[in-house]
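>>> Let's see this in three dimensions:
(one chain, ligands or ions: 2)
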Amino acid sequence: MSRRDPHSFSDLDQGRVASMDLDLNVDFSSSRLHGKATLNLAAPGGGPLDLDTRDLEIRGVTDTDGNELAWEIAEQDDILGSCLRVTLPVGAQAFTIDYATSPQASALQWLEPAQTDGGKHPYLFSQCQAIHARSVIPCQDSPLARFTFHAKMTVPEDLTVVMAAAPGQAGTGSQPGTRSFSFEMPQSIPPYLFAFAVGNIVSQDLGPRSRVYTEPETLEKSAWEFADVDKMLLAAEDVFGPYLWDRFDFLVMPGSFPYGGMENPRLTFLTPTLLAGDRSLVNVLAHELAHSWTGNLVTNATMDDFWLNEGFTVWAERRILENLDGLEAKSLASAIGRNGLMEAMNSFGMDSPFTQLQTDSKGSDPDEFYSLVPYEKGYLFVALLEQAAGREKFDAFIKKYIKHFSFTSITTAQFEEFLNAELPGIPDQVRANEWIHQAGLPDNNPVFESERLAMLENLAKSWSDGGRPDVAAAKKWTPEDWQIFLQALPRTLPQEDCAWLDENFGLTGQGNSEILCNWLIIATGSGYEPTFDRTARFLSEVGRMKYLKPLYTTLYSGKKTKGLAKEIFAANANGYHPIARGGIERIMAG
Ligand code: BES
Ligand code: ZN
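Numbering: from 1, shown residues only. Ligands and ions are numbered 1, 2, ... in the order given. Model (predicted):
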């Protein structure tokens, strides 16, 4: 099998980097990391070795004796960055690259003190998935190229470094006024899981294996919101088998973090928009935890196999939910997921190749490719397999799958082969081939029945005919109820209907970010002015793309609000992560 990844310049047949030693200085005044990366080869090499880079300034490449090695860097490709070709002497086992990152590094966000909760210290964090690790370290930036690493990070002495790795010693840095933090990652990871953050960061223990990290101002709220993490960990081990990453800690990020969560091993990153104050959004923590198995132990070989990461993880997330909150909760979550899936599929077109599970994304930017399809179509497929095999058999299958492929990165074909061998007959019975390789949603997709769901959707669908929720009853709805109801309402409502909803249910004042965002989409889409200020403020505090994208799309497509979209973006673009900024620029260009 040739090990090529459409999103990497490196040829993994030719030589592989097995481990890295990083020694990086964090310079807030120039918004650069600078230092050295030593790349250790799995087997002695010789000749050209290609690495992925983006916007890196290469200062020199040396062998282990300090001799200069020849290198050249190719012209930049918009999506992939630049290929760095190092020429290794015969028998080379390691080499060192002296380099600096660019202030525009696509994985990094440098925050001014004003963009943090505390307002006094700067902050820096990374987000490498899908192909941004190359803007931080020169590497074979493919999930096929797993590596272990040691890292030393030197920062101003009043700041703390946390990393998705096991922390080692911290001590005085070699420059006055600095501190150095050491880390070790003894288990091999794909490059997209490399992650760190620097800032005024404190922590609190939540259980024997878990601790929350965040800024001091957010610590108490975070510790309360995610207090059940240990229960989740036990529920997840029930599904998958033992947790192999030692600790499961997590970091609650500044508001500009572009995702809901990111499963960085030993240190999941979470958006602060999960801090609803009622634990109603903790499913995202369960999701990132589940990636500890599906994603971090068994990793997609390339972005075309991304559904192996996300489909299985959504399935596991909902198994954990079923275990903790029951079947009805799982059905509701599945229904919310199906709404998102149908919206995504309809916007691509049901026969679009974007609706396949295994994709062909050669030549496209994974950030643009991102959608709910691998998540929710993937979920339905895994749930269908579970139904067809029966829970007992399927649970055994999952545990065996994890054990068999642990610490490897696998293609969809490898999964199919394993499925055929382990659950013979089932793939044909459920038409696995159609699910995986064809567009659209096969008609044997599992439907999760829920009376509550049907009631809420019917009520919302009767809106135009005058159907309204009973005010007293709706005041007692759960956050999930509200999400389903709002998602099922027409996308635009008459002004007086917006006013009625807001007056009765205080939607603009919502602390649950899902409800708030769903409401603001309807209200701004309806041109309902009393909510414009809240929308503007939300878009200035939050950088999570799940919220930015639909809100900017709605604002930008409304006659009355197009100018407002431009104004809000101009005021906040610098505060968004480069990946999020790029996403909104695409919306406003189209
Ligand atoms: N790994 C993803 C986030 C991601 C995917 C980042 C692709 C970059 C490229 C993470 O596990 C995720 O899926 N997060 C979701 C939450 C989840 C509950 C669906 C999110 O950020 O909304
Ligand atoms: Zn995920």
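>>> Mind giving me the packing neighbours of the longest strand seen in the chain?
Once the chain is assigned using DSSP state E, the strand that runs over the most residues is strand 32-53. Using 3 or more C-beta pairs under 8 Å, 6 or more residues apart in numbering; DSSP states H and E as the contact definition, the elements that strand 32-53 packs against are strand 17-27, strand 82-100. Every residue, glycine included, has its C-beta placed from N, CA and C.
>>> Please report the distance of Ala580 from Tyr192.
Here Ala580 is placed at a distance of 17 Å from Tyr192 (C-beta to C-beta, to the nearest Å).
>>> An error on my part: the question was meant for Met350.
From Met350 across to Tyr192, the span is 30 Å (C-beta to C-beta).
>>> Show me which of those two is the more surrounded one.
Tyr192 (26 against 11; other C-beta atoms under 10 Å).
>>> so what's the residue nearest to that one when sequence neighbours are not counted up against?
Across the structure, with C-beta to C-beta, 6 or more residues apart in numbering as the measure, the residue nearest Tyr192 apart from its sequence neighbours is Gln129 (4.1 Å). By C-beta atoms under 8 Å, 6 or more residues apart in numbering, the contact set of Gln129 is 192-193, 262.
>>> Quick check: closest non-adjacent residue to Asn518.
Closest residue in space to Asn518, ignoring its immediate chain neighbours: Leu486 at 4.0 Å, by C-beta to C-beta, 6+ apart.
>>> separation between that neighbour and ligand 1?
As for Leu486, its distance to ligand 1 is 18 Å (criterion: C-beta to the nearest ligand atom, to the nearest Å).
>>> go on, Ser256?
14 Å.
>>> Okay, that residue and ligand 2: tell me how far apart.
Between Ser256 and ligand 2 the computed distance is 19 Å (C-beta to the ion, to the nearest Å).
>>> Could you check how far that residue is from Lys330?
Counting by C-beta to C-beta, the separation of Ser256 from Lys330 is 32 Å.
>>> before we move on, what about Leu219?
Distance of Leu219 to Lys330, computed by C-beta to C-beta: 31 Å.
>>> and these two? which has more neighbours close in?
Using other C-beta under 10 Å as the criterion, Leu219 and Lys330 rank with Lys330 on top: 21 against 18.
>>> Would you mark the buried spots in whichever strand or helix holds the more buried one?
Secondary-structure element containing Lys330, defined by DSSP states H and E: helix 327-348. Using 16 or more other C-beta atoms under 10 Å as the test for burial, helix 327-348 gives 329-341, 344-345.
>>> Same check on stretch 430-443?
430, 432, 435-436, 438-439, 441-442.
>>> Same question for stretch 83-92.
Buried-residue list, stretch 83-92, by 16+ other C-beta under 10 Å: 83-84, 86, 88, 92.
>>> Intersect these with the contacts of ligand 2.
With C-beta under 5 Å from the ion as the criterion, the subset of the buried residues of stretch 83-92 in contact with ligand 2 is empty.
>>> Kindly reformat those as TSV containing pLDDT and distance to His291.
TSV is the format used below for the buried residues of stretch 83-92 (pLDDT from 0 to 100; distance: C-beta to C-beta, whole Å):
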residue	pLDDT	distance to His291
Cys83	98	30
Leu84	98	30
Val86	98	32
Leu88	97	35
Ala92	96	35
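>>> re earlier: tell me who's in contact with the residue nearest to Asn518.
The contact partners of Leu486, taken as C-beta under 8 Å, 6+ apart, are 460, 515, 518-519, 522.
>>> Just the buried residues of stretch 415-423, please?
415-416, 418-419, 422-423.
>>> among these, which are within reach of ligand 2?
Among the buried residues of stretch 415-423, proximity to ligand 2 is found for none (C-beta under 5 Å from the ion).
>>> wait, which of those is closest to ligand 2?
Checking the buried residues of stretch 415-423 against ligand 2 by C-beta to the ion gives Phe415 as the nearest, at 16.9 Å.
>>> Just give the nearest non-adjacent residue to the closest one, would you?
Distances taken as C-beta to C-beta, 6+ apart put Leu308 closest to Phe415, at 5.9 Å, once the chain neighbours are dropped.
>>> same check, this time on Leu206
Excluding the flanking residues, the one nearest Leu206 by C-beta to C-beta, 6+ apart is Val229, at 5.3 Å.
>>> and what of Val239?
With C-beta to C-beta, 6+ apart, the residue lying closest to Val239 is Arg319, at 5.1 Å.
>>> give the contact list for the one you found.
Arg319 sits next to 235, 239, 330 when contact means C-beta under 8 Å, 6+ apart.
>>> Is it correct that it falls within a strand?
No - read with DSSP: H, G, I helix; E, B strand; the rest coil, Arg319 is helix and lies in no strand.
>>> And it, how far from Ala290?
Distance of Arg319 to Ala290, given as C-beta to C-beta: 8 Å.
>>> Need the overlap of contacts for these two.
Between them, Arg319 and Ala290 share these contacting residues under C-beta under 8 Å, 6+ apart: Val239.
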